[in-house]
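pasting the sequence and the predicted coordinates here, then a few questions.
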Amino acid sequence: MSARPTTMMRALAACVHGNVPALVKGGPGVGKTAKLEAVGNSWGHHVETISAGSREAVDFMGLPMEKDDEVVYSTLSWAKRLAAATKGLLVVDEITTAQSTFKAFLRILQERYVGEFHLPDSVAIVAICNPPEIAVDGVDLPAPVANRFIHLDWHLDRVEWLDNVGTGFADVPTAAVSTYLTAGANADRARAVNLVTGFLRFRPDLLDAMPTDPDAQSGAWPSPRSWTNAIDALTWVPTDDDDARDMILIGAVGKPATVQLLTWLAMSDLHDPVAVLANPNIVGWTTERPDRLFALLGAIITLAALEGDATTWRQALRVTVACARAGRPDVAMPAARTLANSPHGRDGVPADFKDAFSDLFIRTGQVVSQAVAA
């Protein structure tokens with residue numbers, strides 16, 4: 001039976017499967033590159049490794065060339081191979097030694113443009129570095145580069161090394177990803193959205209909080225982009241894997257914001273949006289804090305949109321009606337408006353929904369579909 005990966009490897013797997021750029025930082029000689037190439041292959045990815053410190057900007061942009069009376073960038077061979085694979089993994093090594101190419105990285109890391117060539121969503125990106133103070137000509141990452149990553153500190157699996165060094169690490173047992181990650185389903189994403197948006201409604205000041213200290217700017221800190229990255233990775237983390245969840249949050253938005261989130265979470269006891277869809281009555285709509293209700297309803301909308309079917313849409317409508325009937329129509333109205341204006345709303349909404357919200361929509365001047373006003 002394959003051993004369960006370390007917390008760091010589970011967090012990294014969630015980043016790769018969530019298509020979030022990850023930065024793995026650790027000292028030299030601890031096997032970062034070899035390990036990441038090996039696990040990438042075990043996950044079924046075609047792996048391309050590029051040493052950023054020995055490359056120029058054109059190695060990430062392509063060379064300008066004339067084609068059909070236009071100047072375009074040539075498509076790089078490694079980008080073509082990644083795009084052609086069913087699943088690809090780009091490993092960018094020694095990124096803290098690549099000061100001259102940082103600008104070329106910006107669009108690759110999240111927008112996925114290599115020059116004018118667009119890498120498909122099937123390609124994940126992981127960067128590796130030594131701490132800049134011990135790297136060869138190492139520098140701190142500029143804030144725009146750092147904020148595109150989830151930052152993970154490398155943890156050497158000593159038992160794995162001791163067990164396999166004698167065989168040259170041939171046939172190292174690897175646990176199936178399905179044993180330690182979720183399926184990344186719509187319900188998993190709704191739960192991640194519920195967690196992050198619930199906290200940010202409670203602490204809106206932490207939605208965008210770039211530190212003033214330049215050293216801190218080269219690490220993880222809160223921004224709309226880094227919170228989104230956290231949601232994308234957390235979608236793949238099981239609800240009982242607190243260690244991987246916490247590592248991803250710290251790597252995305254930093255330790256201070258994560259401590260605040262975990263403190264809030266310990267007091268919040270968030271509702272599962274899937275369970276609420278099935279039975280809205282499990283929520284204490286009358287007494288629940290508004291921030292928690294807004295987050296829950298946001299997760300309900302997310303789930304309804306991702307599922308896209310009429311059954312889930314009707315269940316989501318029923319949730320908003322339950323909230324309104326409990327005396328909180330003002331809290332439910334934004335979600336109700338979104339649901340009413342969805343494609344399913346064009347065919348009409350149930351009578352109880354109209355009864356709960358029509359007057360409020362009219363009094364507040366909200367724009368909704370004709371189905372609601374009829």
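That came through, no problem. Treat the numbers as computed from the prediction; the structure is a model and nothing was measured.

where's residue 76 relative to residue 296, distance?
Going from residue 76 to residue 296 by C-beta to C-beta, to the nearest Å gives 46 Å. C-beta: built from backbone N, CA, C; applies to glycine.

more neighbours, those two?
residue 296 (27 against 20; other C-beta atoms under 10 Å).

ok, that one touching residue 269?
No - at 11.5 Å, residue 296 does not count as touching residue 269 under the criterion of C-beta atoms under 8 Å.

is it true that residue 108 touches residue 123?
No - using C-beta under 8 Å, residue 108 is not in contact with residue 123, being 10.0 Å away.

from residue 226, how far off is residue 260?
Distance from residue 260 to residue 226, counting by C-beta to C-beta: 14 Å.

what ranges does the stretch 201-350 of the chain have for its helices?
Here the stretch 201-350 of the chain has its helices, by DSSP state H, counting those that start in this stretch, at 214-217, 224-234, 242-253, 255-268, 273-278, 290-307, 310-325, 329-340.

what's the most buried one of those helices?
Stretch with highest mean neighbour count among the helices of the stretch 201-350 of the chain: helix 242-253 (a mean of 24; mean count of other C-beta atoms under 10 Å).

sketch out the low-pLDDT regions of the stretch 151-300 of the chain for me.
Along the stretch 151-300 of the chain, the model assigns pLDDT under 70 to no residue.

the strands in the protein, which residues?
22-25, 46-51, 64-67, 70-73, 88-93, 113-114, 117-118, 123-129, 150-153 (DSSP state E).

of the ones you listed, which approaches residue 255 most closely?
strand 150-153 (10.6 Å; C-beta to C-beta).

okay, buried residues for the closest one please.
Neighbour counts over strand 150-153 (16 or more other C-beta atoms under 10 Å) mark 150, 151, 152 as buried.

how about those in a markdown table, adding distance to residue 102?
Formatted as a markdown table, the buried residues of strand 150-153 follow (distance: C-beta to C-beta, whole Å):
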| residue | distance to residue 102 |
| --- | --- |
| 150 | 18 |
| 151 | 16 |
| 152 | 20 |
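
per-residue pLDDT, the residue nearest to residue 356 when sequence neighbours are not counted?
Distances taken as C-beta to C-beta, 6 or more residues apart in numbering place residue 324 nearest to residue 356, at 4.1 Å, with adjacent residues excluded. pLDDT recorded at residue 324 is 93.

before we move on, what about the one 10 residues further on?
On pLDDT, residue 334 comes in at 89.

state the distance from the spatially most central residue of the chain to residue 196.
Nearest residue to the geometric centre of the chain (C-alpha atoms, centre = their mean): residue 232, 2.0 Å. Relative to residue 196, residue 232 is positioned 10 Å away (C-beta to C-beta).

one more: residue 227?
Distance, residue 227 to residue 196, by C-beta to C-beta: 6 Å.

go on, residue 86?
In this view, residue 86 and residue 196 are 30 Å apart by C-beta to C-beta.
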